[in-house]
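*Asks:* give the three-dimensional model of this entry:
(chains A and B)
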Amino acid sequence: MSSRSDIFSNIRRSLGVTGTERPRLSAVAERLAQAPKGVPVARGQLPKDDMIGLFCAQAEAVQCTVSRVADSQQVPEEIANYLRNKNLPATLRMGEDARLSAMPWSKTTLALSQGRSDGADLNAVSHAFAGVAETGTLIMTSGADNPTSLNFLPDNHIIVVEAADITGDYESAWQSLRERFGKGLMPRTVNMITGPSRSGDIEQTILLGAHGPRALHLVVVG
Amino acid sequence: MSAHPTSPQFKANAHEALGDAQLQKALGNVRAGFIDKRVKAAAKLPEFEDLRDSARDIKNHALAHLDLYLEAHEAKVSASGGTVHYARDSAEANRIVIEICRARGAKTVTKGKSMISEEIGVNEALEKAGMEAIETDLGEYIIQLRGEAPSHIIAPAVHLTKEQVEADFRRVHKHLPADRDLSQPVQLLTEARTMLREKFLAADIGITGANFLIAETGTSVIVTNEGNGDLTQLLPKCHIVLASIEKVVPTLEDVSQILRVLARSATGQDMSVYTTLSTGPRRPGDVDGPEDYHVILLDNGRSAMLGSEFEDMLRCIRCGACMNHCPVYHAVGGHAYGWVYPGPMGAVLTPSLIGVDQGGQLPNASTFCGRCESVCPVRIPLPKLMRHWREREFERHLSPASTRYGIAAWAFVARRAGLYRLATRFGMAGLGWLGRSHGRFKWLPLAGGWTKYRDLPAPQGETFQAMWKAKRGT
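*Replies:* Residues are numbered from 1 along each chain as shown, chains lettered A, B, ... in the order given. The predicted structure is shown next:
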């Protein structure tokens, strides 16, 4: 017998089922179709303005830096200032995201480059799919627009997130994801990012910049 | 490590651990580090206790329908271009890993932290097959340099001090200047980051574990703080996920409920830094990501736990809270447990996976204080499960004769109320009289194991039963 059928028959023997029982099949089909939400978290159900405030506060609590700008036209200048204030080189790598491409980068002196990272880039910017207020988490989706390697290889990662895309809880972000990609379908990678990389593996002392970015800067637009 | 458990020598291991000054110093970090952080994180979320119930119910539902959710998961993985493999045991899982690696002509394999990979001993299997396996989690990297096994499921190097890590880095990273300063943890971290960056970029295959599998979407989920698991699965041409069958949960919503209790219970974070959901290989138009995506699902005894008195253990989400709160773990650390899984969860799981004859000592390593159950995010009744193992050990005559006769004698007396009262009254009075001058005993026959480490106080006054009777006036 193959390992697969062996394992399935062991599971079914232990559970005392055959795998064809109607109530079990419909319980599973129903749960997969309806995806019940479970226990709601009060802090994820705030009015929009408070939600954005909570998002920023939670992100700062996990060592992100956060700045807010009124519209997307101001993003390049904000990023140029951020890099200058940190004494970082005026270079920036990004994917093909149309929202980023439409921003007025020529107003700055930043040297831009496009595509995935091969590990040599110091600074990168990505556009978030959504932000989640309850824990200050960014939801990033993979693709040529925002290559996953930009989330992890550069030392300084900057993420642009639209205020309109900030949701209260994870469940609301999954709702948007289903609307974009279809129910049951996912982009290759979804990264939920909450702060810059860290490790507590040496004597339980938390240190930033383990393998991923040493610094994470968020620009909230709108 | 996984092939040769030293669990049967738990007592000797524990004895050695208690006398190890370095280890005792490092274990202070467990006591100091984890407990307060968990309490604070839980207190900040009013729904925390309700979420624990919810997490328990989700896992119970998934286990009761495990065959169907595994089928749903497999269909979705295939639809997204990935491949699911099933392995009955460690040997089969290793064989599948090596076949995939050979087909790619792989020389080096990077690894994210995975307890399943420890369980099957995949590093040894890869090395035997002529490939280099490189652990990339900082803690795992350190213990790999030392040729050790992890001593904690989420903090593998918690048994080491920074001085020990410094000595290992100086021993292994010989090409770096000998006079460099490595006295601070941040310098050690930076050196490991630099060393491993080259490995990430050069690796042919990346192996990660999975905290969850999602049936709805055919997704594997890893939860990390460092980002090493992401570089491991992103940069090589092929990503292999090693997971056990009970990791599957129905939907994204279900994962979200459990994530809310996972990091809070583990490290006291609201959320770990990186929670990564992976579905299949590189898509058309993608500019990065692996070309192949394989999921290897390991049984290794778990299907037999379903429907048994140990089924509750399959809810475990590997947060480590039980060991962080365990007085026995605090005293002896993880290596004394002798196999892959230490602490209370290890004491229950180890006999299930390697047999009660090998792991039967571990359920005895408990004071039954109940802290593990009180902090478990999925409410596993760990003390009850350890008791089940003790019963089995006793039934199978695996416990030592002195224990068996002692328990039999105690049971004889305890079942006879009059005899019990009489025996305690005269026994305690006799002991009280013998110890009246010092108030304590430095040595007692049949109690040498106790008095070797501390004095036994001499009993004073009436027995509890006599006092209770007097107080109630009956």
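
*Asks:* state which one residue of chain A is found closest to chain B.
*Replies:* Taking C-beta to the nearest C-beta as the measure, chain A has residue A:212 as its residue closest to chain B, at 2.8 Å. The C-beta positions use only the backbone N, C-alpha and C, and glycine is treated the same way.

*Asks:* contacting residues around that residue?
*Replies:* By C-beta atoms under 8 Å, 6 or more residues apart in numbering or on different chains, the residues touching residue A:212 are A:151-152, A:157, A:196-197, B:226-227, B:230-231, B:273-274.

*Asks:* quick check: chain neighbours aside, which residue is closest to it?
*Replies:* Distances taken as C-beta to C-beta, 6 or more residues apart in numbering or on different chains put residue B:227 closest to residue A:212, at 2.8 Å, once the chain neighbours are dropped.

*Asks:* isn't the one you found up against residue B:275?
*Replies:* No. Counting by C-beta atoms under 8 Å, residue B:227 stays clear of residue B:275, with 11.6 Å between them.

*Asks:* ok, and what's touching the lowest-mean-pLDDT helix or strand in chain B?
*Replies:* Least confident helix or strand, chain B: helix B:448-451 with a mean of 82, by mean pLDDT, DSSP states H and E. Residues from elsewhere that reach helix B:448-451, judged by C-beta under 8 Å, 6+ apart: B:441-444, B:456.

*Asks:* okay, now the domains of chain A?
*Replies:* A:1-34, A:41-221 (automatic domain parsing).

*Asks:* ramachandran angles for residue B:293?
*Replies:* Phi and psi for residue B:293, reported as degrees, to the nearest 10, are phi -130, psi 110.

*Asks:* who touches the residue lying closest to it once chain neighbours are set aside in this structure?
*Replies:* Spatially, and ignoring its direct neighbours in sequence, residue B:293 is nearest to residue B:82 (3.8 Å; C-beta to C-beta, 6+ apart). By C-beta under 8 Å, 6+ apart, the residues touching residue B:82 are B:218, B:279-281, B:292-295.

*Asks:* which of these sits closest to chain A?
*Replies:* Using C-beta to the nearest C-beta, the contacts of residue B:82 come closest to chain A at residue B:279, 4.1 Å.

*Asks:* shouldn't that closest one be in contact with residue A:184?
*Replies:* No. Using C-beta under 8 Å, residue B:279 makes no contact with residue A:184, being 10.1 Å away.

*Asks:* out of these two, which sits in the more crowded spot?
*Replies:* Relative neighbour count places residue B:279 above the other of residue B:279 and residue A:184, with 25 against 20, counting by other C-beta atoms under 10 Å in any protein chain shown.

*Asks:* how about the nearest residue to that one, chain neighbours excluded?
*Replies:* Once flanking residues are discounted, residue B:279 sits nearest to residue A:186: 4.1 Å by C-beta to C-beta, 6+ apart.

*Asks:* hang on, the earlier thing: winner for burial among the domains of chain A?
*Replies:* Most buried of the domains of chain A, by mean neighbour count (mean count of other C-beta atoms under 10 Å in any protein chain shown): domain A:41-221, with a mean of 20.

*Asks:* how long is that domain end to end?
*Replies:* The first residue of domain A:41-221 is 25 Å away from its last residue (C-alpha to C-alpha, to the nearest Å).

*Asks:* where does residue A:139 land in three-state SS?
*Replies:* State at residue A:139, reduced to three classes by DSSP: H, G, I helix; E, B strand; the rest coil: strand.

*Asks:* beta partners for the residue nearest the centre of chain A?
*Replies:* Per C-alpha atoms, centre = their mean, the C-alpha nearest to the average position across chain A is that of residue A:139, at 2.3 Å. Applying DSSP bridges to residue A:139 gives these bridge partners: residue A:130, residue A:192.

*Asks:* that one touches residue A:190, doesn't it?
*Replies:* Yes. The pair residue A:139 / residue A:190 is scored as a contact, 6.5 Å apart, by C-beta under 8 Å.

*Asks:* residues contacting the residue nearest to the centre of chain A?
*Replies:* Applying C-beta under 8 Å, 6+ apart, we find residue A:139 in contact with A:128-132, A:173, A:177, A:190-192.

*Asks:* okay if I get the domains of chain A as JSON lines plus mean pLDDT and distance to residue B:340?
*Replies:* Output for those, formatted as JSON lines (pLDDT from 0 to 100; distance: least, C-beta to C-beta, whole Å):
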{"stretch": "domain A:1-34", "mean pLDDT": "97", "distance to residue B:340": "21"}
{"stretch": "domain A:41-221", "mean pLDDT": "97", "distance to residue B:340": "18"}
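
*Asks:* and the ones you listed as CSV, adding distance to residue B:322?
*Replies:* Supplementary listing: those in CSV, determined by distance: least, C-beta to C-beta, whole Å:
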stretch, distance to residue B:322
domain A:1-34, 24
domain A:41-221, 17
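
*Asks:* out of these, which gets nearest to residue B:382?
*Replies:* Among the domains of chain A, domain A:1-34 comes nearest to residue B:382, with 21.1 Å by C-beta to C-beta.

*Asks:* and that closest one, does that touch chain B?
*Replies:* Yes. Domain A:1-34 comes into contact with chain B (C-beta under 8 Å from any C-beta of the partner chain), by way of A:2-4, A:6-8, A:10-12, A:14-17, A:19, A:24-25, A:27-28, A:31-32.

*Asks:* is residue A:158 located within a strand, as I assumed?
*Replies:* Yes. In this structure, residue A:158 lies within a strand as judged by three-state DSSP.

*Asks:* pretty sure it sits against residue A:196.
*Replies:* No. If you go by C-beta under 8 Å, residue A:158 and residue A:196 don't touch, sitting 11.4 Å apart.

*Asks:* and for those two, which residues touch both?
*Replies:* residue A:216.

*Asks:* quick one: residue B:222 is in a helix?
*Replies:* No. Assessed with three-state DSSP, residue B:222 is strand; it does not lie in a helix.

*Asks:* chain A: helices as residue ranges?
*Replies:* A:3-15, A:22-34, A:48-61, A:75-85, A:98-101, A:149-152, A:170-181 (DSSP state H).

*Asks:* check what contacts the last one and list those residues.
*Replies:* Residues from elsewhere that reach helix A:170-181 (C-beta under 8 Å, 6+ apart): A:35, A:37, A:44, A:129-130, A:132, A:134, A:137, A:139, A:141, A:165, A:167, A:186-187, A:190, A:192, B:252-253, B:256, B:259.

*Asks:* who's in contact with residue B:111?
*Replies:* Contacts for residue B:111 (C-beta under 8 Å, 6+ apart) come out as B:117, B:122-123, B:133-136, B:140, B:206-208, B:232.

*Asks:* name the residues linked to it by a beta bridge.
*Replies:* Beta-bridge partners of residue B:111, counted by DSSP bridges, are residue B:135, residue B:207.

*Asks:* so for it, what's the pLDDT?
*Replies:* Looking at residue B:111, its pLDDT is 98.

*Asks:* again with the one 3 residues further on
*Replies:* According to the per-residue confidence, residue B:114 scores 97 in pLDDT.

*Asks:* can you put the helices of chain A in TSV and add distance to residue B:168?
*Replies:* Shown next, in TSV, are the helices of chain A (distance: least, C-beta to C-beta, whole Å):
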stretch	distance to residue B:168
helix A:3-15	39
helix A:22-34	48
helix A:48-61	34
helix A:75-85	37
helix A:98-101	43
helix A:149-152	26
helix A:170-181	39
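
*Asks:* sweet, I'm off.
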